[in-house]
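Visitor: coords please:
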Amino acid sequence: MEPWEAAYQDAAEVLGRALAGEGEAVAGAFDAVVSAKGMAGAYDVAWCLAATTVGSGLPEGAWTLDFPDIERAAYEARWVARFLSAYANADTSTGAALFQAAQADGHLAECLLTLAGSAAATIRRRGG
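Guide: Just a heads-up that it's a prediction; the model follows:
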């Protein structure tokens, strides 16, 4: 199995838990990924969740973040908006920097839960 296939399987597990409203199980799924694959595995799952949230068929080009008053939002909301923006721009270096900053700031778990919740909300909105 290719590494990205494993990441998408892990992301599907996280997303399934998020869609079921099982916050503790979402955290447990991320913990299992970290135990098995380290923080790089958790980053890959986050990137897959961003792909799910942003969707496919995004035209290439520079995308800007349109989030009024983003600086007043909670840390996790700012992080998710910026992480999704990094994904939309195929900017893996910024995505990795955001991931590492959230980890260093002690907010990574909350950011990943918020990202999973955002992906689940997007799927519900799309009717999937």
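Visitor: quick one: the residue nearest the centre of the chain from residue 68, how far?
Guide: With distances taken as Cα atoms, centre = their mean, residue 46 lies nearest the centre of the chain, 3.5 Å away. Going from residue 46 to residue 68 by Cβ to Cβ, to the nearest Å gives 24 Å. Placement of C-beta: from N, CA and C, glycine included.
Visitor: got it, and residue 25?
Guide: Using Cβ to Cβ, one gets 33 Å for the distance from residue 25 to residue 68.
Visitor: more neighbours, these two?
Guide: Comparing residue 25 with residue 68 by other Cβ atoms under 10 Å, the one with more neighbours is residue 25, at 15 against 6.
Visitor: leaving out sequence neighbours, find the closest residue to that one.
Guide: Closest residue to residue 25 apart from its sequence neighbours, by Cβ to Cβ, 6 or more residues apart in numbering: residue 17 at 4.1 Å.
Visitor: can you mark which positions in stretch 53-72 are buried?
Guide: 53-54, 63 (16 or more other Cβ atoms under 10 Å).
Visitor: for residue 34, state which of those is nearest.
Guide: Of all these, residue 34 sits closest to residue 53, with 20.9 Å by Cβ to Cβ.
Visitor: that closest one and residue 36, how far apart?
Guide: Going from residue 53 to residue 36 by Cβ to Cβ gives 24 Å.
Visitor: now do residue 60
Guide: Applying Cβ to Cβ, the value for residue 60 to residue 36 is 34 Å.
Visitor: ditto for residue 115
Guide: On the measure of Cβ to Cβ, residue 115 and residue 36 end up 19 Å apart.
Visitor: tell me where the model's unsure across the protein.
Guide: 1, 65, 128 (pLDDT under 70).
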